[in-house]
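Student: have a look at this prediction, sequence included:
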Amino acid sequence: MCGMLQLQRLLSDQMAQRRFLLRPPEPAPEQLVSSPSKSVYIGKTQFLHVPFFWDPEKLVNPHLCIVGITGSGKSYFVKTFITRASIALKSKFLILDWAGEYADWVKSAGGKVIEFGKQGINLLDLGGTTPHTRTRQVMGSLEMLTDISSFPHQRRLTEEAIEKAYQLRGFSLHRQNKRKKPPTLEAVFSVLRKKSKKSTESAEAARRIKNLLLSSRGSFSSHTIKLEELISGIVCIDLHSLPTESLRSLAGLAILQFVKEKMRSQPYCNSRLPGLFVVADEAWKIAADSRSDIVSIVREGRKYGFGLIVASQNPTDIHKSIFSNAGTVAAFRLMLSSERKYLRASLAYSDLLEALSHSFSVGQALVHLEFASPVCCPRTFIVEKVDGEGLLITLSIRGGGVNLEFEKNELAKHLLSFGLTDRQTSSLLSEFERHSYSLEAADLVLFLEKFGYSRASAVSLLRRIGAREKELLSLFSSIRKGSTGAGRREALVFLAEKKQKPGKRKKR
């Protein structure tokens with residue numbers, strides 16, 4: 001009868017399917033909420049809207065691992081975290097900037113930018129260790145980044161030449177000496193060149209060093225960067241001017257090795273608050289290798305007050321030792337099922353969270369925390385949106401099978417790197433704003449064509465920013481049929497106006 005309760009007999013599995021007595025998969029509020037003066041506010045949880053404060057005192061270590069496709073909010077999260085942690089935790093930051101995307105932001109935040117190419121670091125600087133140890137560090141880096149391991153004789157000759165260069169400067173191989181000026185790669189080349197007349201292997205080893213000197217434009221021999229500058233606030237090492245990924249990685253490894261020696265020289269730290277964070281964004285070449293000093297910092301950093309932030313578009317580019325040792329993992333939108341499978345195998349979260357992660361919007365992330373004390377609540381949850389320092393503007397590209405979302409600044413960087421001018425990029429972003437921050441994919445292609453880019457170039461851009469082959473086929477099939485609708489007519493009018501001189505535009 002209406003308004004009356006009726007008792008029913010239910011089996012336990014039937015009761016479980018109803019789920020009305022189950023708590024959403026989120027940590028307890030006391031695990032997420034902390035004092036704003038001793039933690040970093042990130043955002044609210046997806047289900048219960050509990051404020052999430054990143055608190056290193058509650059975590060097993062201060063290391064963060066961040067993954068997500070470009071435009072998903074990954075870099076926005078990193079910059080927000082740096083800004084707030086520098087204030088609330090008084091932490092310092094050393095950013096290894098592979099793509100040059102942090103330099104302008106660091107300057108605006110009052111930090112310091114060191115540009116490789118204009119400035120350099122002596123690859124043979126001891127950095128607090130002995131010549132013998134430094135020689136092996138340099139050789140280890142070359143083994144990771146070149147094929148010198150396949151030529152053992154050249155490897156041995158190069159190692160001996162580095163040690164000889166130290167000895168010619170009066171260094172003892174097994175003692176530190178801060179007063180003497182260390183040799184440079186030019187000295188190593190000179191030693192090998194003298195032997196090259198007697199040995200073809202020496203000549204090949206000398207050629208390797210010469211190519212390194214020429215391609216790096218002296219960045220690894222001139223000593224213009226003081227090591228103390230690396231840990232003096234928010235410091236960005238801009239590596240993007242180096243011409244190859246291997247050279248950028250070599251510079252990054254050298255800096256990490258100096259930081260590691262500095263870390264190990266510090267007394268044991270009882271506090272869980274990190275004094276220095278090292279940020280490595282898109283450092284896939286050194287983040288995926290178990291021999292990298294990134295792994296050493298992850299394993300040892302907490303006891304010396306050092307934290308590590310590793311960010312990458314692809315979780316498989318990050319070595320499993322980093323995943324297994326990071327106290328915090330934040331996963332934004334991932335495109336490929338293989339990437340999500342790798343992530344889930346590392347974190348072991350539920351089917352529900354896996355299903356929800358397929359449709360993340362910009363700024364939405366799956367967060368996994370390893371607490372310092374055992375907890376009964378879930379450790380993996382969803383942040384509905386990163387509440388950053390600036391407005392997170394989301395732009396979408398839809399239609400023709402394409403469904404993409406980007407943070408505004410991320411999309412602007414893609415357009416500029418694609419070749420659009422500042423004026424063209426600004427015009428295109430304005431068009432997004434005119435249409436409520438969403439643009440038809442076919443209209444975007446039309447804009448690019450009117451800017452002088454071929455349809456093949458438009459395909460290349462869409463593929464680069466995440467469109468799949470099936471979506472591209474559907475999109476360009478619809479364009480060939482002329483089914484772009486009113487958006488096409490609006491774009492034609494807009495572009496026709498842009499060609500006219502100021503003051504002579506036609507009224508719509």
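Tutor: On my side now, so go ahead.

Student: can you give me the strands in the stretch 201-350 of the chain?
Tutor: Ranges of strands in the stretch 201-350 of the chain, per DSSP state E, counting those that start in this stretch, are 234-238, 276-281, 306-312, 328-331.

Student: same check, this time on the chain
Tutor: Secondary structure of the chain by DSSP state E: the strands cover 40-45, 51-54, 64-67, 92-97, 112-115, 234-238, 276-281, 306-312, 328-331, 365-369, 380-386, 394-399, 402-407, 438-440.

Student: worst mean pLDDT among those strands?
Tutor: Here the lowest mean pLDDT among the strands of the chain goes to strand 402-407, at a mean of 82.

Student: what angle separates that strand from strand 380-386?
Tutor: 70 degrees (axes from the mean of the first three to the mean of the last three Cα atoms, to 10 degrees).

Student: check the chain for its longest helix and report it.
Tutor: helix 245-264 (DSSP state H).

Student: so what does that one touch, helix or strand wise?
Tutor: strand 92-97, helix 131-145, strand 234-238, strand 276-281, helix 284-287, helix 293-304 (3 or more Cβ pairs under 8 Å, 6 or more residues apart in numbering; DSSP states H and E). All C-beta spots, glycine's among them, are computed from the backbone N, C-alpha and C.

Student: right, and these - which one's nearest A203?
Tutor: Of all those, helix 131-145 sits nearest to A203, with 17.5 Å by Cβ to Cβ.

Student: pretty sure S438 is touching L395, no?
Tutor: Yes. Between S438 and L395 there is a contact at 7.3 Å, judged by Cβ atoms under 8 Å.

Student: what about those two, which has more around it?
Tutor: L395 (23 against 14; other Cβ atoms under 10 Å).

Student: what sits against the more buried one?
Tutor: Residues near L395 by Cβ atoms under 8 Å, 6 or more residues apart in numbering: E405, F406, E407, K408, L411, L429, F432, Y437, S438, L439.

Student: can you say which of those residues are buried?
Tutor: The neighbour-count test (16 or more other Cβ atoms under 10 Å) marks E405, F406, E407, K408, L411, L429, F432, L439 as buried among the contacts of L395.

Student: list the buried residues in the longest helix of the chain.
Tutor: Buried-residue list, helix 245-264, by 16+ other Cβ under 10 Å: 245-263.

Student: so it versus helix 293-304, what angle?
Tutor: 20 degrees.

Student: ok and helix 245-264 relative to strand 92-97, angle-wise?
Tutor: Here helix 245-264 runs at an angle of 160 degrees relative to strand 92-97 (the same axes, to 10 degrees).

Student: quick one: residues contacting S199.
Tutor: L157.

Student: counting neighbours, what do you get for A205?
Tutor: Neighbour tally, A205, other Cβ under 10 Å: 29.

Student: quick one: common contacting residues for S438 and L395?
Tutor: By Cβ under 8 Å, 6+ apart, the residues touching both S438 and L395 are F432.

Student: picking that back up, redo the strands of the chain as CSV? Include distance to S338.
Tutor: Listed next are these as CSV, based on distance: least, Cβ to Cβ, whole Å:
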stretch, distance to S338
strand 40-45, 27
strand 51-54, 28
strand 64-67, 13
strand 92-97, 27
strand 112-115, 36
strand 234-238, 32
strand 276-281, 22
strand 306-312, 15
strand 328-331, 14
strand 365-369, 17
strand 380-386, 20
strand 394-399, 24
strand 402-407, 20
strand 438-440, 29
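
Student: can you give me the buried ones in stretch 178-196?
Tutor: So, applying 16+ other Cβ under 10 Å, buried residues of stretch 178-196: 182-185, 187-193, 195-196.

Student: ignore what I typed, I meant stretch 443-463.
Tutor: 443-451, 453, 457-459, 461-462.

Student: of these, closest to T200?
Tutor: Once Cβ to Cβ is applied, the member of the buried residues of stretch 443-463 that ends up nearest T200 is S457, at 46.0 Å.

Student: okay, now the domains of the chain?
Tutor: Listed domain ranges for the chain are 54-120+224-386, 131-215, 394-499 (source: automatic domain parsing).

Student: S75 reaches K413, doesn't it?
Tutor: No. When contacts are counted by Cβ under 8 Å, S75 is not listed as touching K413 (9.2 Å).

Student: quick check: closest non-adjacent residue to Q119.
Tutor: T224 (4.6 Å; Cβ to Cβ, 6 or more residues apart in numbering).

Student: repeat that for T425.
Tutor: Nearest to T425 is L415, by Cβ to Cβ, 6+ apart, at 4.6 Å.

Student: now for that neighbour, how many residues are close by?
Tutor: Counted with other Cβ under 10 Å, L415 comes out at 19.

Student: do I have it right that it meets L428?
Tutor: Yes. Contact criterion Cβ under 8 Å: L415 and L428 qualify, at 6.5 Å.

Student: L126: which of the contacts of L395 is nearest?
Tutor: E407 (42.0 Å).

Student: ok, what's across the strand from that closest one?
Tutor: Beta-bridge pairing for E407 (DSSP bridges): T394.

Student: nearest to L213, out of the helices and strands packed on helix 245-264?
Tutor: helix 131-145 (13.5 Å).

Student: show me what that closest one is in contact with.
Tutor: 123-127, 129, 148-149, 155, 158-159, 162-163, 166, 171-174, 182, 246, 249-250, 253-254, 257, 285-286, 289, 291-292.
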